[in-house]
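1. okay, here's the prediction I keep looking at, along with the sequence it came from:
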Amino acid sequence: MRMLRPLALIGVPVLVLGAALMFWLQGGRYAATENAFVKADIAQIASEVAGRIIEVRVRDHAAVTEGDVLVRLDPEPYRLALAKAEAEIDSARATVEALKVSLRETRADAKETENRLTYLEVQAKRQRELSGRGVSSAQRVEQADSEEQQARDRLSMLQQRIARVEAALGGNSDQPTDRYAAVREKIAMRDRAALDLTYTEIKAPRAGVVVNFKLQPGEQVKAQMPLFALVAGRRPWVEANFKETDLTHVTIGQKATVVLEMHPDITWDAEVESISPATGAEFAILPPQNASGNWVKVVQRLPVKLRLIERSGEPPLRAGMTAYVSIDTGRKRNLSSLFGSGPAAAARP
């Protein structure tokens, strides 16, 4: 017994130390965290136009498919706006056609006036020559000059009118009526009015489940204001926030296991899909400023996205569930890394 006592005093600490060493060597292979959550694509649904709700076709937590009409707004104000836009197109077309007719008539009048001016210039020159030889009177010369000047003034006035009409037509009087800017503007307004009319039906942009739905008929909604949310039907994933010191050997494609707090007796297989290029602090509203003042080192966390492998008979996965994640890095510690003289070695599968 006396001989066993020294052996126990020495052997027990050695065994404990050996067990601790083995645990440490094996522990470096896995990166684990409880800071993990189930994520899903969630779209905030808003109305593109303002209006009064006249019909609600969905309820909270209802499953919908892409294109389903969820809510209908009163379309009458938008029908009237569309009719007004159509009338404005007709008015713009009529204005353009009237300008084209006016331009043709003014050009014809200007051509006739130009021909008359040429004739009057010849007559005035002839009267001046005859007056120089004493054959024509000064009164005839004055009358000829006056008629020439009147024709010249009229031609100038017609040319200015042509310039104004051409400017109103955008400098091109030969293109189709609907190509003119005034008409295209009204057509665009008509198209916008037609689009707004379609927006009176709020549809599901994709398949999923409606959440946070509290709308009732008679309520007024504003444009671009979120009304409810739609959780997409695409399979959820897990986002785990690992300490930067735990991600040394974590790479895309590594295998992982996931356990949800809601289902602690079920283990999901998973795979590392992506690692965030920035820490969560970089996306904070007020990111930390470490360039001034006293700096305290704080280990940062990086989001890691994991794809859950589907398993038969699995319970529903709901966004926001908390989870425990363990990633198999395929590496383990060795004695040299304990003393800082070497890297961790790759573990054999």
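-> Sure thing, it's come through. If you're wondering where the values come from, they're calculated on a predicted model, not measured in any experiment.
2. contacts and neighbour counts: CA atoms only from here.
-> OK.
3. you'd agree A32 is up against I327?
-> Yes. Applying Cα atoms under 8 Å, one finds A32 in contact with I327, separated by 6.2 Å.
4. what ranges does the stretch 151-300 of the chain have for its helices?
-> 181-198 (DSSP state H, counting those that start in this stretch).
5. beta-bridge partners for K255, please?
-> E271 (DSSP bridges).
6. next one: I327
-> Assessed by DSSP bridges, I327 has beta-bridge partners A31, A256.
7. so what's the residue count around it?
-> Counted with other Cα atoms under 10 Å, the neighbours of I327 add up to 23.
8. look up how far S276 lies from it.
-> For I327, the distance to S276 (Cα to Cα, to the nearest Å) stands at 16 Å.
9. who are the contact partners of the residue nearest to N172 when sequence neighbours are not counted?
-> With Cα to Cα, 6 or more residues apart in numbering as the criterion, N172 has its nearest non-adjacent residue at 6.8 Å, and that residue is E166. Applying Cα atoms under 8 Å, 6 or more residues apart in numbering to E166 gives the contacts 103, 172-173.
10. list buried residues within those.
-> 103, 173 (16 or more other Cα atoms under 10 Å).
11. show me which of the contacts of E166 is closest to E86.
-> S173 (23.4 Å; Cα to Cα).
12. quick check, that closest one in contact with S102.
-> No. Counting by Cα under 8 Å, S173 sits too far from S102 to count as a contact (11.0 Å).
13. now do the strands in the stretch 1-150 of the chain.
-> 30-39, 42-46, 51-56, 63-64, 69-73 (DSSP state E, counting those that start in this stretch).
14. from D178, how far out is R301?
-> For R301, the distance to D178 - Cα to Cα - is 60 Å.
15. please apply the same query to K243.
-> 63 Å.
16. quick one, domains of this structure?
-> Following automatic domain parsing, one gets these domains for the chain: 28-41+233-346, 42-75+201-232, 78-195.
17. reformat the strands of the stretch 1-150 of the chain as JSON lines; add distance to R126 and mean neighbour count.
-> Shown next, in JSON lines, are those (distance: least, Cα to Cα, whole Å; neighbours: other Cα atoms under 10 Å):
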{"stretch": "strand 30-39", "distance to R126": "98", "mean neighbour count": "20"}
{"stretch": "strand 42-46", "distance to R126": "83", "mean neighbour count": "16"}
{"stretch": "strand 51-56", "distance to R126": "79", "mean neighbour count": "18"}
{"stretch": "strand 63-64", "distance to R126": "93", "mean neighbour count": "18"}
{"stretch": "strand 69-73", "distance to R126": "81", "mean neighbour count": "20"}
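18. distance to P264 for the ones you listed - can I get that in CSV?
-> Listed next are the strands of the stretch 1-150 of the chain as CSV, based on distance: least, Cα to Cα, whole Å:
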stretch, distance to P264
strand 30-39, 13
strand 42-46, 26
strand 51-56, 39
strand 63-64, 27
strand 69-73, 37
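19. ok, which of those strands comes nearest A151?
-> Ranking these by proximity to A151 (Cα to Cα) places strand 51-56 first, at 62.4 Å.
20. count of residues packed around the closest residue to D109 other than its chain neighbours?
-> Among residues not flanking D109 along the chain, L158 sits closest, at 7.6 Å (Cα to Cα, 6+ apart). Residues contacting L158 under the criterion other Cα under 10 Å number 19.
21. mind checking pLDDT for G313?
-> Note on G313: pLDDT of 88.
22. and it, how many neighbours?
-> The number of residues near G313, taken as other Cα under 10 Å, comes to 6.
23. that one should be in a helix, yeah?
-> No. Judged by DSSP: H, G, I helix; E, B strand; the rest coil, G313 forms no part of a helix; its state is coil.
24. what does stretch 174-181 contact?
-> So stretch 174-181 is contacted by 93, 96-97, 169-170, 183-184 (Cα under 8 Å, 6+ apart).
25. kindly apply the preceding question to stretch 73-90 instead.
-> Outside stretch 73-90, the residues that touch it by Cα under 8 Å, 6+ apart are 51-55, 183, 186-187, 189-190, 193-194, 196-197, 200-201.
26. what comes up buried for that stretch?
-> Quick answer for stretch 73-90 (16+ other Cα under 10 Å): 73-75, 78-79, 81-82, 85-86, 88-89.
27. wait, which of the residues you listed is closest to M225?
-> Nearest member of those to M225, counting by Cα to Cα, is L73, at 14.4 Å.
28. bridged to that closest one, which residues?
-> I53.
29. related to what we said a few turns ago, of the contacts of stretch 174-181, buried ones?
-> Here, 16+ other Cα under 10 Å leaves 93, 96-97, 169, 183-184 buried among the contacts of stretch 174-181.
30. isn't A182 up against A92?
-> Yes. Assessed by Cα under 8 Å, A182 is found in contact with A92 at 6.4 Å.
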